[in-house]
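Peer 1: Generate coordinates for the sequence data below:
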Amino acid sequence: MSRFRFAKRPQKANDRTRRYRILRGEEREHVGEVEIGGDAPDGDSIAVVMNCFPNLAGAGREIALSKAKRFVDELASGWGLQVAEVPGSRWVERPEGRSDIRFDFQVVRGNP
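Peer 2: Got it, this is the predicted structure:
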């Protein structure tokens, strides 16, 4: 099974979006990008866009997606938030063998 890591990229000025490179295996092959936006931790939503390069397809792509969702859950947990995935995301095939997916999370608020 492939091991994936998320390497943080520098943030852009006046942009709260967090950007990460998806790296696979011990050789740290660059296989995609993840952008995490939305208004959390201050608001109620987290929007994630995952772009996969042609060298990440099939089952590997699904494993990377699962790891990205877990990564976002752990990131939110670090902010002291619990999140739930909003259903309805699907892969979109792009030119040159790339593919991307957008998925959203909603902050789950406890009862007052």
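Peer 1: mind listing the helices for the protein?
Peer 2: 58-78 (DSSP state H).
Peer 1: Now do the strands in it.
Peer 2: Remark: strands assigned in the chain by DSSP state E are 4-8, 18-24, 29-38, 45-52, 82-86, 92-93, 99-108.
Peer 1: List the buried residues of the second one.
Peer 2: Residues Arg18, Arg19, Tyr20, Ile22, Leu23, Arg24 are the ones in strand 18-24 that count as buried (16 or more other CB atoms under 10 Å). The way it works is simple: take the backbone N, C-alpha and C, and place the C-beta from them, glycine included.
Peer 1: So which of those residues is the closest to Arg90?
Peer 2: Ile22 (18.8 Å; CB to CB).
Peer 1: which residues sit in contact with the nearest residue to that closest one once chain neighbours are set aside?
Peer 2: In space, and not counting its chain neighbours, Ile22 is closest to Gly32: 3.9 Å by CB to CB, 6 or more residues apart in numbering. Listed by CB atoms under 8 Å, 6 or more residues apart in numbering, the contact partners of Gly32 are Arg21, Ile22, Met50, Asn51, Cys52, Phe53, Leu56, Ala64.
Peer 1: wait, Phe53 sits on Asp100?
Peer 2: No. Assessed by CB atoms under 8 Å, Phe53 is found out of contact with Asp100, at 10.3 Å.
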